[in-house]
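Chemist: Fold the following for me, if possible:
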Amino acid sequence: MEILILLIIISVGIAAGFLIAFLLSVKNRQYDDLYSPSVRILFEKNKIDDKDDRVDDIKRIKTLKSKNEI
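Modeler: Residues are numbered from 1 along each chain as shown. As a prediction, this is how the structure comes out:
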């Protein structure tokens, strides 16, 4: 009986850990942009680390999408 209580406590702790990890990833905006990573290979750039580069890529994607080239 004591082992069941221990297992429940451990499972609740693990679930809380996953919940905290998920909330932190949402807070850091990891799930915001789902479209541009799939078309990033279409652009000839070696580095997409800067925020300005990412904004430029998103503008290019929107332009291509509006012209129905994608």
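
Chemist: for residue 58, what are its contacts?
Modeler: Counting by CB atoms under 8 Å, 6 or more residues apart in numbering, residue 58 makes contact with 33, 36. Where C-beta positions appear, they are placed from N, C-alpha and C, glycine not excepted.

Chemist: tell me the secondary structure for it?
Modeler: helix (DSSP: H, G, I helix; E, B strand; the rest coil).

Chemist: average pLDDT for stretch 11-28?
Modeler: In this model, stretch 11-28 has an average pLDDT of 96.

Chemist: residues near residue 22, how many?
Modeler: A count of nearby residues for residue 22, using other CB atoms under 10 Å, gives 12.

Chemist: check which helix or strand covers it.
Modeler: helix 2-27 (DSSP states H and E).

Chemist: Please apply the same query to residue 32.
Modeler: Using DSSP H and E, no helix or strand contains residue 32.

Chemist: phi, psi of it?
Modeler: Reported as degrees, to the nearest 10, the phi and psi values for residue 32 are phi -80, psi -50.

Chemist: what about it, distance to residue 26?
Modeler: Distance, residue 32 to residue 26, using CB to CB, to the nearest Å: 9 Å.

Chemist: Tell me which of those two has more neighbours.
Modeler: residue 26 (11 against 7).

Chemist: quick revisit: find out how far the helix holding residue 22 is from the centre of the chain, if you would.
Modeler: Centroid separation for helix 2-27 versus its chain: 21 Å, with CA atoms, centre = their mean, to the nearest Å.

Chemist: C-terminal to it, which secondary structure element comes first?
Modeler: helix 36-39.

Chemist: could you say what helices and strands that next one packs with?
Modeler: Applying 3 or more CB pairs under 8 Å, 6 or more residues apart in numbering; DSSP states H and E, one finds that helix 36-39 makes contact with helix 51-66.
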